[in-house]
Every structure is written in structure tokens, then in C-alpha cells.
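> pasted the sequence and its predicted model underneath.
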Amino acid sequence: MDLKQLKAFIAIAELRSFSAAAKVTGISQPSLSRLLKQLETDMNVALVDRYHRPLQLTTAGLFFYDKIDALLTELDAITHMTQRLSAPSKGLNIGFVPSVLYGLLPEVIATFKQQNADTEVNLKDISSYQQIEALKSGEIDVGFGRFAHQDPWIQQILLRHERYLVALPKAHPLAEVKEQRLLDLANSRLILYHQTHLPGLINTDSIAADMSTSARDKRTKQTPKPEAASVTDSVTEPLLYLFAQHGITPLRTSKVSDLQVALGLVAAGEGITLVPASLQVMRTKQISYQRLIHENVTSPIYLHTLKDFIHPKVNDLLTAIYEIYEQRGITYRRQQFV
């Protein structure tokens with residue numbers, strides 16, 4: 001068994017076609033067939049059922065594909081990291097989710113550049129979960145994200161929690177209410193915009209059964225009691241999770257592609273949404289931004305990097321972050337990557 005055989009098997013397994021795998025790998029069909037046959041002979045196991053079109057994996061083949069694909073992905077990550085150790089980048093490549101760009105990130109980058117004039121900074125707009133693969137591949141050296149990760153290759157620091165605000169159309173009946181309750185917002189259409197969901201948590205349909213409870217609470221003006229942990233544990237959409245923490249299910253929701261589209265719909269009077277406080281500078285002529293009374297309705301900001309390869313300038317970036325926090329009077333706990 002060798003790496004070439006394994007990569008041939010992966011291509012055939014994913015594309016379920018020798019001809020398609022040949023085009024992708026640049027290996028002729030006869031050579032691919034021979035590599036697969038050698039692998040099956042070495043293992044004394046049939047991995048592919050060749051008598052179906054498209055090709056199908058045997059039970060053993062499905063098991064082997066699942067395990068070997070993860071191993072090869074890890075091998076690629078190790079290869080990239082080893083190459084980076086031998087030739088570290090002189091610049092600092094920073095990934096960020098768009099929502100942090102409207103907050104303190106520009107000030108942080110400006111401060112970092114002043115203190116590290118010899119370091120070229122490259123910024124890349126990339127989602128929280130895409131940052132993990134980008135870190136492993138070397139596309140970025142560090143990333144600002146909104147979600148925690150449980151990846152053995154990654155270490156992260158929680159920088160701070162940013163409070164959510166309610167974004168309402170100026171004509172909304174609650175637009176001038178300075179302290180908002182999630183319960184009072186449940187009858188308005190909630191516009192969802194997150195493309196990344198919380199890991200391992202509920203199909204949002206499963207909380208629809210709690211609608212009658214939420215409606216009853218609203219009629220009786222009672223604040224609902226938080227549901228059992230099993231309810232919130234299964235909600236994966238971040239905004240719905242915030243409502244579920246308070247035992248509330250919005251009556252109507254709409255899903256859009258990103259935050260900018262969500263705010264555009266709010267401005268057009270099509271619904272409401274929740275946004276990190278730093279975004280309250282957006283579309284202020286059409287949108288009213290109001291605080292929530294709930295202290296725990298926040299959006300975390302994390303800084304991610306690799307465990308085994310920390311760019312020499314990453315801790316300088318952290319220093320710049322903390323300097324800005326001190327200037328702004330933001331509470332934080334000073335940490336360093338090690």
C-alpha cells in the first residue's frame with residue numbers, strides 16, 4: 001500500500017467513475033484501475049463494486065474511504081505546516097469575518113502597523129469555519145472569528161463578548177423602545193443571515209413544538225422559563241439559539257445570504273434582526289438600533305491560530321488588540337498564544 005494507490009482510491013470513491021477520476025488526477029484510466037487493483041490485492045479486500053454504474057463502494061470500501069480520507073487530509077495539513085516551518089512568511093496574513101471589520105479591527109491593524117512597520121499585513125475576508133482549513137493550508141496565519149472550534153490543530157483566545165443590538169425598521173412599533181425584550185420581538189419576522197451554524201447543537205424545526213408555550217407566555221405577559229438543556233443544545237442557527245436560551249421561538253423567520261442583505265431587508269421594512277453592536281453605524285437613516293435587556297445575548301470574538309506553528313508576529317497583534325481595548329475601556333483578560 002502506498003500514497004499513490006490511496007489517492008487513486010480516494011478520487012475513484014469520490015467521483016464514482018474511472019474516467020472522471022482520470023481527468024481530475026491526470027492518471028490514465030488503465031493506470032488508475034491497476035493502482036486500485038494493487039491496493040485491493042495488498043489489503044485482500046474488495047473496495048469497489050465495478051458492476052454498477054455509477055461505481056459503488058462496498059461496505060468495506062465505505063469504511064476505508066471514511067477513515068483514509070481523514071488521514072490524507074491530516075497528512076496534507078502536516079505537509080503544509082512543515083513547509084511553512086522551513087520557510088516562514090515575512091508578512092502576516094490575517095483572516096477575518098466581515099462583522100469584525102465594522103468594529104475595532106481597522107484600529108487594531110493601524111496600531112499593529114505602526115509598531116511593526118517592517119511587517120506586511122494581508123487581510124482576507126473568510127468565514128469562521130473556513131479559517132480553520134486556511135490556517136492549516138497556510139493561506140492565513142491568524143484569524144478573527146465569531147465561533148469557538150474544537151480542532152486538535154487549532155488554539156484560540158476569546159478576546160471579548162460583543163453585545164447584540166436589535167435592528168428594526170424606523171417604522172416598526174418598537175423602533176423607539178430603548179430596552180428591548182426577546183419575547184416582545186417574537187411576533188416580528190426574524191431575518192437570519194449566518195452561513196455558519198453552531199457545532200453539534202438542534203434542528204431548528206424541533207423547537208417549533210414550543211410555539212404554543214411562547215404564544216401563551218406572550219398573552220399572559222409572563223417571562224418564559226428557560227427550557228431544559230436538551231432544547232438549546234439542539235439549535236444550531238446562532239440567532240435562533242439566542243431566542244431558545246430564553247425559551248422563545250420566533251413566529252416567522254427568513255433566511256438570507258449575508259448580513260448586508262439582512263440589513264437591507266430590515267431597512268425595507270421586511271423584518272428585524274440582531275447584529276453585533278459595532279454594526280449600528282450601518283443604514284442609520286432607515287434602521288433603528290436598540291439595546292436588549294438580556295446581558296447574555298452576545299456575540300463572542302475569537303482569535304485563532306495553529307498550535308504547532310505560531311507566526312512570530314501573532315503575539316504582537318495581540319498586544320495591539322489589548323492596547324485598543326485599554327484605550328476604549330473594554331474589559332478583557334490578557335492572554336498570549338504559547
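Nice, thanks for sending it over. Residues are numbered from 1 along each chain as shown.
> state the mean pLDDT of the host helix or strand of Ala60.
Using DSSP states H and E, Ala60 sits within helix 59-86. Averaged across helix 59-86, the pLDDT comes to 81.
> so which residues of this protein form helices?
3-15, 18-25, 29-43, 59-86, 98-101, 105-115, 128-137, 182-185, 211-219, 229-232, 238-244, 259-267, 314-328 (DSSP state H).
> could the ones you listed go into TSV alongside distance to Ala167?
In short, each C-beta sits where N, CA and C put it, glycine included. Formatted as TSV, the helices of the chain follow (distance: least, CB to CB, whole Å):
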stretch	distance to Ala167
helix 3-15	42
helix 18-25	45
helix 29-43	54
helix 59-86	39
helix 98-101	13
helix 105-115	20
helix 128-137	21
helix 182-185	11
helix 211-219	21
helix 229-232	23
helix 238-244	11
helix 259-267	5
helix 314-328	22
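> mean pLDDT for the ones you listed: which is lowest?
Among the helices of the chain, helix 211-219 carries the lowest mean pLDDT (a mean of 38).
> what about the top strand by length along the chain, distance to the chain center?
If you go by DSSP state E, the chain has its longest strand at strand 154-169. Centroid separation for strand 154-169 versus its chain: 13 Å, with CA atoms, centre = their mean, to the nearest Å.
> packing partners of it?
Under the contact criterion of 3 or more CB pairs under 8 Å, 6 or more residues apart in numbering; DSSP states H and E, strand 154-169 touches helix 259-267, strand 273-276, strand 287-292, strand 298-306, helix 314-328.
> could you rerun that using 6 Å?
Counting by 3 or more CB pairs under 6 Å, 6 or more residues apart in numbering; DSSP states H and E, the packing neighbours recorded for strand 154-169 are strand 273-276, strand 287-292, strand 298-306.
> partner strands of the shortest one and their direction?
When pairing is defined by DSSP bridges, strand 273-276 lines up against strand 154-169 (antiparallel).
> buried residues of the strand it pairs with, list them for me.
Neighbour-count burial for strand 154-169, counted by 16 or more other CB atoms under 10 Å, picks out 154-157, 159-169.
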